[in-house]
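*Asks:* compute the structure for the input listed below.
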Amino acid sequence: MLHVFTVVIAVLAGIVVVTAAGIIAVRLVRRTRERKRAALATMPRRALLSFVAENGEEGGDELVAIPDEAWRAAEPHALALLGKLRGEAHLGLVSVFLRRGTARTALRRLHSRSPVKRARAAQVLGDLELRQAVPELCRLLTDRHADVRVVAVRALGRIGDPAAAWRIISSLDRSDPIPSLLASHTLAQLGSEAEVTLSAALDHPQARVRAVCLDALGLLGATGSVNRIARVLREDPNLDVRVAAATNLGKLGTRSALDPLTLAVHSSRPTTLRAAAARALGDIGSPAVVPALAALLGDEAYQVAHEAAHALRRLGTPGLDALREMIEQERTRAEAAGAGAHAQRSTATLHAEEALALAGVLGEERVGAAL
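*Replies:* Numbering: from 1, shown residues only. The predicted structure follows:
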């Protein structure tokens, strides 16, 4: 029995020694490889920095002539630069990548079995702003891996081809769609040429799709779609979509949005919608909305009255004057009724005082007076 136990201990000790030796060998190989890669990347990295310093005007041929092994060592650094550069320097580095065949390699890797390789290839093509890659990137919008779909959407936004708008919108109608905020920002990056597609998508049967398109139109500053968005605000059956319509009418800030938003704060509308419309009226920034907002200060719904008070605060001098007038009128009524200094104040006055206090903290009163 003792002999068997001794043998087991010896075997285990041997396994530990072999494992430790393997770990050490792997680490040594890895360190050797990293040192070799760092040494190979030294010259290309210097050439890259010089190229960027010259704003991409000189040094492109030298970068193309770098041996493949050295370029592969420096390529991660070059790709990181590509994502940060703008203007002539970006165009110059894109030209270097295209001449070295990076785009062809990335397009081929979009079909890789590895989701990591597909995602990395999509990112490279987005950084290259390669319009020829748009159809292949759109294909990735149905990829079974969510991370690949997210990278593909970001790449399409970086490229900015409006032809991708409908494919991105269609990808939202899935059981596991891309995040709404990412989709709306990407659609806005496609530019004003995507406005027609976004407006048409406001008839989509899925409420989430309609809400994302409304946010994209707001980010895009699509003032030409104000009437279409106003119709959504009046007629859409989904409350969240109507709230999104009100919010984005405020972002667009046109006078033609005043009437539909003023109708949306009516007491017959849902509280959430009325609050969003009150906030949007303040975002438009027109003194013409002061009476409508002032009338909401005493609203029974706290959220509506709160948003109205702070919308008046954001309007500057006209709104601040309306808040002060509300407080003064109540003080006058209290004095006329013979109420003491500790008479109970109305909710309208409390909302007005809160907004004025915040204006003082933020310095808005001084800014309003200066204006």
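*Asks:* so which elements touch the helix or strand containing residue 351?
*Replies:* Assigned by DSSP states H and E, residue 351 belongs to helix 347-362. Packing partners of helix 347-362 (3 or more CB pairs under 8 Å, 6 or more residues apart in numbering; DSSP states H and E): helix 302-314, helix 317-336, helix 364-370. For every residue, glycine as well, the C-beta is placed using N, CA and C.
*Asks:* kindly report the domain assignment for the chain.
*Replies:* Listed by automatic domain parsing, the domain ranges of the chain are 79-159, 291-336+346-371.
*Asks:* can you flag the weakest of those domains by average pLDDT?
*Replies:* Lowest mean pLDDT within the domains of the chain: domain 291-336+346-371, at a mean of 84.
*Asks:* can you redo the helices and strands packed on helix 347-362 as JSON lines with mean neighbour count and distance to residue 292?
*Replies:* Formatted as JSON lines, the helices and strands packed on helix 347-362 follow (neighbours: other CB atoms under 10 Å; distance: least, CB to CB, whole Å):
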{"stretch": "helix 302-314", "mean neighbour count": "23", "distance to residue 292": "8"}
{"stretch": "helix 317-336", "mean neighbour count": "16", "distance to residue 292": "11"}
{"stretch": "helix 364-370", "mean neighbour count": "14", "distance to residue 292": "19"}
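*Asks:* using TSV, please lay out these together with distance to residue 108.
*Replies:* Output for the helices and strands packed on helix 347-362, formatted as TSV (distance: least, CB to CB, whole Å):
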stretch	distance to residue 108
helix 302-314	53
helix 317-336	59
helix 364-370	57
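*Asks:* for residue 132, find the nearest of the ones you listed.
*Replies:* Residue 132 lies closest, by CB to CB, to one member of those: helix 302-314, at 45.7 Å.
*Asks:* and the residue lying closest to residue 299 once chain neighbours are set aside, how close does it get to residue 293?
*Replies:* In space, not counting the residues next to it along the chain, residue 299 is nearest to residue 305; the distance is 4.4 Å by CB to CB, 6 or more residues apart in numbering. Here the distance between residue 305 and residue 293 works out to 10 Å (CB to CB, to the nearest Å).
*Asks:* likewise for residue 350?
*Replies:* 16 Å.
*Asks:* and residue 109, by the same measure?
*Replies:* In terms of CB to CB, residue 109 sits 55 Å off from residue 293.
*Asks:* neighbours around residue 76, how many?
*Replies:* 11 (other CB atoms under 10 Å).
*Asks:* average model confidence for the longest helix belonging to the chain?
*Replies:* Longest helix in the chain, counting residues (DSSP state H): helix 2-53. For helix 2-53, mean pLDDT rounds to 71.
*Asks:* which helices and strands sit right next to the helix or strand following it?
*Replies:* Where DSSP H and E defines the elements, the next helix or strand beyond helix 2-53 is helix 60-64. With contacts taken as 3+ CB pairs under 8 Å, 6+ apart, helix 60-64 sits against helix 2-53, helix 87-99.
*Asks:* which of the residues in helix 60-64 are buried?
*Replies:* Using 16 or more other CB atoms under 10 Å as the test for burial, helix 60-64 gives 60, 63.
*Asks:* could you check how far it is from the centre of its chain?
*Replies:* 36 Å (CA atoms, centre = their mean, to the nearest Å).
*Asks:* got it, and stretch 306-321?
*Replies:* That offset, for stretch 306-321, works out to 28 Å (CA atoms, centre = their mean).
*Asks:* what does stretch 91-102 give?
*Replies:* 28 Å.
*Asks:* list the buried ones in it?
*Replies:* Within stretch 91-102, the residues scored as buried using 16+ other CB under 10 Å are 92, 93, 94, 96, 97, 100, 102.
*Asks:* the helices in the stretch 151-300 of the chain, which residues?
*Replies:* Counting by DSSP state H, counting those that start in this stretch, the stretch 151-300 of the chain has helices at residues 165-171, 180-189, 195-200, 207-220, 226-235, 239-252, 258-264, 271-284, 290-294.
*Asks:* in the shortest one, what counts as buried?
*Replies:* Using 16+ other CB under 10 Å as the test for burial, helix 290-294 gives 290, 292, 293, 294.
*Asks:* try stretch 346-355
*Replies:* 348, 349, 351, 352, 353, 355.
*Asks:* leaving out chain neighbours, which residue sits closest to residue 140?
*Replies:* residue 152 is the one closest to residue 140 (CB to CB, 6+ apart), at 3.8 Å.
*Asks:* correct me if wrong: that neighbour contacts residue 135.
*Replies:* No - shown here, residue 152 and residue 135 do not form a contact pair, counting by CB atoms under 8 Å, at 11.6 Å.
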